[in-house]
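> Just need the structure, nothing else, for what follows:
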Amino acid sequence: MSSRLADPGSLLKYVPLNNHAKDLIRGNDEGWIGTEAYEEGPHGRSAGKFNGSSYVDLGDITDLDTSDFSIGGWVRTIVAGQTDLFAGKKPGLNPGWFLNINTSNQFNAFFNDNMGVGKNVSSSTLINTGGWFHVFATYDRSGLLTAYVSGEPEATGDISAGDGNSLANAVTLQIGATNSGFHWNGGLADFRIYTVALTALEVKELSRRPVPRG
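Residues are numbered from 1 along each chain as shown. This next block holds a predicted model:
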């Protein structure tokens, strides 16, 4: 196992959503907004159940403003053909990032910075309703934004023109929603945020590991 996957020096947030919303790295009990609910998740473990208005608020995390980062987990959508955002820190047209399933049922990773450098990449795999999929995005600020599904890199975009620019904004990081008003309908589990751009081998390893009971 890669030492970075469990190292608190690179693993900023780990919220398994296994019958609680606790961050197992910092010990914070993150706040559910709306109805707190759980369902059976991947590998028979529990997962957060989001109803299109509920979400978990992680606070105003500034660690990702200028650094590399990686973010994702397990998702299960119950709707198709609409924009469903399941994580993000982005108010309207201001700088920020988000992860979503788009209207073509693809996993999508997006960002734009304070100097107008932006990128949007979408998977070739369709995230069909009902099933669990491991999705992850790695943001190498001097290289590529990469979208992964089931541990495989499926789309990349060059974001090196924004190296050193900022994603800072005044809103909180949310799971199950974003600050732009979009919410998630379905399940989320094993949500992780790293302050490094994970390698393809590290993302594949995460996709193959059972979700800890945590």
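> From here on, just use CA atoms for contacts and neighbour counts.
OK.
> ok, the closest residue to D63 other than its chain neighbours - contacts?
Counting by CA to CA, 6 or more residues apart in numbering, the nearest residue to D63 once its immediate chain neighbours are dropped is T195, at 7.2 Å. When contacts are counted by CA atoms under 8 Å, 6 or more residues apart in numbering, T195 is found next to S10, L11, L12, D63, L64, S67, D68, F69, S70.
> Among these, name the buried ones.
Among the contacts of T195, those buried by neighbour count (16 or more other CA atoms under 10 Å) are S10, L11, L12, L64, S67, D68, F69, S70.
> For those, give me TSV that also has pLDDT, distance to W32 and secondary structure.
Shown next, in TSV, are the buried ones among the contacts of T195 (pLDDT from 0 to 100; distance: CA to CA, whole Å; DSSP: H, G, I helix; E, B strand; the rest coil):
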residue	pLDDT	distance to W32	secondary structure
S10	94	25	coil
L11	95	21	strand
L12	94	19	strand
L64	93	22	coil
S67	95	27	coil
D68	97	27	coil
F69	97	24	strand
S70	98	23	strand
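> Next, give me the two most distant ones among those.
Longest distance between any two of the buried ones among the contacts of T195 is 13.1 Å, between L11 and S67; criterion CA to CA.
> just to revisit the earlier point, out of the buried ones among the contacts of T195, who's nearest N112?
Sorting the buried ones among the contacts of T195 by distance to N112 puts L64 at the head of the list, at 12.7 Å, by CA to CA.
> The closest one contacts G164, doesn't it?
No: in this structure L64 lies outside contact range of G164 using CA atoms under 8 Å: 11.6 Å.
> Closest to the centroid, which residue in the protein?
Residue closest to the average C-alpha location in the chain (CA atoms, centre = their mean): G72, at 3.3 Å.
> so which strand or helix has that one?
Here G72 is covered by strand 69-77, with elements defined by DSSP states H and E.
> Sheet-wise, list the partners of that strand with their directions.
Applying DSSP bridges, strand 69-77 is found paired with strand 133-139 (antiparallel), strand 185-194 (antiparallel).
> Which other helices and strands does the helix or strand following it contact?
Following strand 69-77 in sequence order, the next helix or strand is strand 84-89 (DSSP H and E). Applying 3 or more CA pairs under 8 Å, 6 or more residues apart in numbering; DSSP states H and E, one finds that strand 84-89 contacts strand 96-101, strand 174-175.
> model confidence over the shortest one, on average?
The pLDDT scores in strand 174-175 average 94.
> That one pairs with which strands, and in what direction?
Counting by DSSP bridges, the strands paired with strand 174-175 are strand 55-57 (antiparallel), strand 84-89 (antiparallel).
> Just put those strands in TSV and tack on mean pLDDT and mean neighbour count.
Putting the strands paired with strand 174-175 into TSV (pLDDT from 0 to 100; neighbours: other CA atoms under 10 Å) gives the following:
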stretch	mean pLDDT	mean neighbour count
strand 55-57	94	22
strand 84-89	92	27
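> could you dump these to CSV with distance to I159?
Compiled in CSV, the strands paired with strand 174-175 are given as follows (distance: least, CA to CA, whole Å):
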stretch, distance to I159
strand 55-57, 27
strand 84-89, 18
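> out of these, nearest to F107?
When the strands paired with strand 174-175 are compared (using CA to CA), the closest one is strand 84-89, at 9.8 Å.
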